[in-house]
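In: Just a sequence and a predicted model for now, questions to come.
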Protein chains: 2
Amino acid sequence: MATPTPSHPTTERLTVMGAGLVGSLLSLYLAHRGHAVEVFERRGDPRRAGFQEGRSINLALSDRGWKALGGVGVANDIRQVGIPMSGRVMHDVHGNLTRQPYGHDGQAIYSVNRGHLNRRLLDLAEAQTGVTLHFGQQCTGIDLKTKELHLRDTATQQEHHEPYTRLFGTDGAFSAVRSALQRTDRFDYSQDFLDYGYKELTIAAGPGGAWQLEKNALHIWPRGQYLMIALPNLDGSFNATLFFPFEGPESFAALQTPADVTAFFDRVFPDAVPLMPALTEEFFAHPTGSLLTVKCFPWKHGDDVLLLGDAAHAIVPFYGQGMNAGFEDCTVLNALFDQHGDSAWDVIFAEFQAQRKPNNDAMADLALYNFVEMRDRVADPKFLLQKKIEAKISAQFPGQWVPLYSQVTFSDTPYAEAWAAGQRQDAIMARLMPHIQAEADYDQPEVQALVQQEMAARH
Amino acid sequence: MATPTPSHPTTERLTVMGAGLVGSLLSLYLAHRGHAVEVFERRGDPRRAGFQEGRSINLALSDRGWKALGGVGVANDIRQVGIPMSGRVMHDVHGNLTRQPYGHDGQAIYSVNRGHLNRRLLDLAEAQTGVTLHFGQQCTGIDLKTKELHLRDTATQQEHHEPYTRLFGTDGAFSAVRSALQRTDRFDYSQDFLDYGYKELTIAAGPGGAWQLEKNALHIWPRGQYLMIALPNLDGSFNATLFFPFEGPESFAALQTPADVTAFFDRVFPDAVPLMPALTEEFFAHPTGSLLTVKCFPWKHGDDVLLLGDAAHAIVPFYGQGMNAGFEDCTVLNALFDQHGDSAWDVIFAEFQAQRKPNNDAMADLALYNFVEMRDRVADPKFLLQKKIEAKISAQFPGQWVPLYSQVTFSDTPYAEAWAAGQRQDAIMARLMPHIQAEADYDQPEVQALVQQEMAARH
């Protein structure tokens, strides 16, 4: 029998490898439960001067992320430095704009700065009784039998071994903890790269820190086989990201000189170019990132190692759910502690992976699916009409029809359920849309009859 | 322009990591081309006393394997110690036998002993000018930038670094060379385990070294969700292998005591039990192996590292093609040297992976597909009738219809082409078989008309 959380829970010294977004939030959760938490991080302390950011600068926080932050009382703190984005603004090759709301009034995703969020979570973790942070500690291996973490101090290059009783691997898409598990028998693993890379660029602030594009939106330049997006920053600038093939006639390989870059951007992103004064310098100075999906199973080794976040399930960024999915891991793990008690490690680890694996697999597929939506379909008037009709159905049948994007972004419906419901709704839309040429057609009696019939058939 | 092989080819000092079946054959091929070849192998020399075999004992050599052995002149030598198996013999739960030929008269696959084959190839490699073998050399890492292989001498535990100019990774399903490539950017990789394991057991020789089952056959005990097979040895014994779920009501987990094992075997393999005097001892003494598919890409790093064999494409054993596919890698690589000349490394490595990747991917799928055929379909009279009808079509339309098994096993048609042709033929059989209840029906005019119509429609 599972026992409820005792008022004085059994506490242990726990070990977290990786102090990125998920690792620092997880440490807060574990410390809130009364555990002592030793956190090791390969990189230096991002709160120290001279720290180099290694990863994408902006992230989109949505409901699952907020819920996880709220669980340790830090959501309000973060919300103050986030910029709500209530919809997409599409830019065509002539600079014409089309707007598509993400949800209903008052719903938004939030542009937040990764570095700020990570530093804030580290501040909170460090201030929390029980959490000890160790930076510059590279995991070079794990002895799963003797339960020792092999670490190299990056300052002194000294190797040392840290014993663990429970080890949480939150060390990201290239996880060293997962590498150790990969060498155990019957560990399924895949890493799949897209043939696309990404390049981060800057849309500059206007005079006086003014935003030169609509502030409260995620901007998209959909171009069929590739796209650029931009998310707002507090200082008036936007972080733009070009997602672009590595090879081919229009590709990173084809843009070799500043003249190549200027000619290409002038042709396909003409409205953005005047806002990007450092375009060519940044294009050649910034690295070209790669885009990776990681799946693996199991996520646990016995009852003493557990993978969470990107270490267990790295996804491509096109649904804005990578961080949110990792944060939701913390919410789910915490709920399992509540349900089974703080010492039922074997049950909790087994339940955690059984619950989260199908959901994060579904999210991985959704993220790939949304790449096609963002780069191609959002430029299609038929697609935008379908979104409007879907919003009308959703308003007419409250609670009975939630668009897929809203289920993923503005709910905590398990991802696999959201995906399945979205596919059922897509099938209905495929039957309805041939009868609808314009928004007003929705109110035609024959269309209304079809809608009623489809909605009745769902139950 | 590609240049033909010069009469005095440009030779290099080449490095091969892994002296198993593919590594030792590859070394022979490379040395035949005039290169100096340094071969490193983690394990000890299998020709020395006291060597412990680590892997499955018997393998089925078929046409692709023979062709590759023939290319360095060792096929006849090996054929003398192989036992031809011209068909499958199925054993039902009552001990009734059903026979299914693999191909036409004179076609057979050959049961060979892995250890013998490996030792013979090593003898030939060692006798070959230019080949140097180094055993007990574990690869602990590779510096791809400085082109150094990091090795640990397993006798002295001393680490040493060996520079390489071209490194061939033939170090198997758990390849250390591939591990180094896996950490490079944009390297796709997957390892997938079946929920089944395998256990090797012995069917004893009879008095005077007599075979107690039909000698020239591969024996199968198909049982729906699992199966046992047996391959003949020269000494009159057979090596049996049980492929069985790890977990569940009928599984390795469910057989915990000698009494469990005896009761299970008595019930499902009653005709085999009297021939397996060491059953319970072997069952608990022998390890339970796992079954793995590995896919990855690219197989090359620049023009200085290339993966071949299981290191590039490990598959499950149910089509008997793992070794044959690895040997065919050597045939294909050698043909590319002939075509492009011995110094066109970049072209040869790129062509090699472009040719072999789709074919070995197809073979991986075929091997999984054949698991269902072997454990389930071969026990179905309808399936066996279909095979007989297929043989009749093949005889009636020589060269126009080659059964899938024959294309894979008795030809060197690229695996992907064989698989595609097999799927087209399967679709035809699915249309024909509802009209055929017995072998004789094939000659009915209406069936003959349908067959003629299908064959005409193929072109």
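Out: Everything's here; your move. Numbers count the residues shown, from 1 in each chain, chains lettered A, B, ... in the order given.

In: Give me every residue in chain A lying close to chain B.
Out: Applying C-beta under 8 Å from any C-beta of the partner chain, we find that chain A lies next to chain B at A:174, A:182-183, A:185-193, A:246, A:290. Every residue, glycine included, has its C-beta placed from N, CA and C.

In: which ones among these are found in strands?
Out: Assigned to strands by DSSP state E, the following of those qualify: A:188-193, A:290.

In: Quick check: the two most widely separated of the residues of chain A next to chain B?
Out: Across the residues of chain A next to chain B, the longest distance by C-beta to C-beta is 35.1 Å; it joins A:185 and A:246.

In: quick one, which of these two is more surrounded?
Out: Set residue A:185 next to residue A:246 and count neighbours by other C-beta atoms under 10 Å in any protein chain shown: residue A:246 wins out with 15 against 10.

In: Now for the residue of chain A found nearest chain B: which residues touch it?
Out: For chain A, the residue closest to chain B is residue A:190, as judged by C-beta to the nearest C-beta, at 3.7 Å. By C-beta atoms under 8 Å, 6 or more residues apart in numbering or on different chains, residue A:190 lies in contact with A:293-296, B:188-192.

In: Would you write a PyMOL line that selects the buried entries of the residues you listed?
Out: In PyMOL, this line selects whichever of the contacts of residue A:190 come out buried by 16 or more other C-beta atoms under 10 Å in any protein chain shown:
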select buried, (chain A and resi 293+294+295+296) or (chain B and resi 189+190+191+192)
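
In: Show me which of the contacts of residue A:190 is closest to residue B:38.
Out: Set against residue B:38, the nearest of the contacts of residue A:190 by C-beta to C-beta is residue B:189 (26.8 Å).

In: Any idea what the closest one is bridged to?
Out: Note on residue B:189: beta-bridge partners by DSSP bridges are residue A:191, residue B:296.

In: Check whether it really touches residue B:293, as I assumed.
Out: No - using C-beta atoms under 8 Å, residue B:189 makes no contact with residue B:293, being 11.8 Å away.

In: gap between the residue nearest the centre of chain A and residue A:81?
Out: With distances taken as C-alpha atoms, centre = their mean, chain A has residue A:322 as the residue nearest its mean C-alpha position (2.1 Å). Noted for residue A:322: a distance of 19 Å to residue A:81, by C-beta to C-beta, to the nearest Å.

In: just how off-centre is the worst-scoring helix or strand of chain A on mean pLDDT within its chain?
Out: When each helix and strand of chain A is scored by mean pLDDT, DSSP states H and E, helix A:75-79 comes last, with a mean of 91. Mean C-alpha position of helix A:75-79 versus that of the full chain (C-alpha atoms, centre = their mean, to the nearest Å) differs by 18 Å.

In: Quick one: list the elements packing against it.
Out: Under the contact criterion of 3 or more C-beta pairs under 8 Å, 6 or more residues apart in numbering or on different chains; DSSP states H and E, helix A:75-79 touches helix A:63-70, helix A:114-127.

In: CA atoms only for the last one, dumped as CSV, please.
Out: Put plainly, it is helix A:114-127. The C-alpha coordinates for helix A:114-127 follow below in CSV (Å, rounded to 0.1, in the frame of the first residue of the first chain):
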residue,chain,number,x,y,z
ARG,A,114,16.6,31.8,-20.9
GLY,A,115,19.6,33.3,-19.0
HIS,A,116,17.4,35.5,-16.8
LEU,A,117,15.1,32.6,-15.9
ASN,A,118,18.0,30.2,-15.2
ARG,A,119,19.8,32.8,-13.0
ARG,A,120,16.6,33.6,-11.1
LEU,A,121,16.0,29.9,-10.4
LEU,A,122,19.6,29.4,-9.3
ASP,A,123,19.2,32.4,-6.9
LEU,A,124,16.1,30.8,-5.4
ALA,A,125,17.7,27.4,-5.2
GLU,A,126,20.8,28.8,-3.5
ALA,A,127,18.7,30.6,-1.0
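
In: which residues sit against it?
Out: Here helix A:114-127 makes contact (C-beta under 8 Å, 6+ apart) with A:19-21, A:24-25, A:27-28, A:31, A:39, A:45-47, A:53, A:55-59, A:61, A:72, A:74, A:77-78, A:81, A:131, A:133.

In: do the same with the first one
Out: Contacts to helix A:63-70, defined as C-beta under 8 Å, 6+ apart, come from residues A:25, A:61, A:75, A:78-79, A:321, A:323-325, A:327-328, A:330-331, A:409-412.

In: rewinding a little: any of the contacts of helix A:114-127 buried? List them.
Out: Buried members of the contacts of helix A:114-127, scored by 16+ other C-beta under 10 Å, are A:19-21, A:24-25, A:27-28, A:31, A:39, A:45-46, A:58-59, A:61, A:72, A:74, A:78, A:131, A:133.

In: where does chain A dip in pLDDT?
Out: A:1-10, A:51-56, A:459 (pLDDT under 70).

In: Recalculate using a threshold of 90.
Out: Chain A contains residues with pLDDT under 90 at A:1-12, A:49-58, A:77, A:80-81, A:105, A:342, A:376, A:378, A:398-399, A:457-459.
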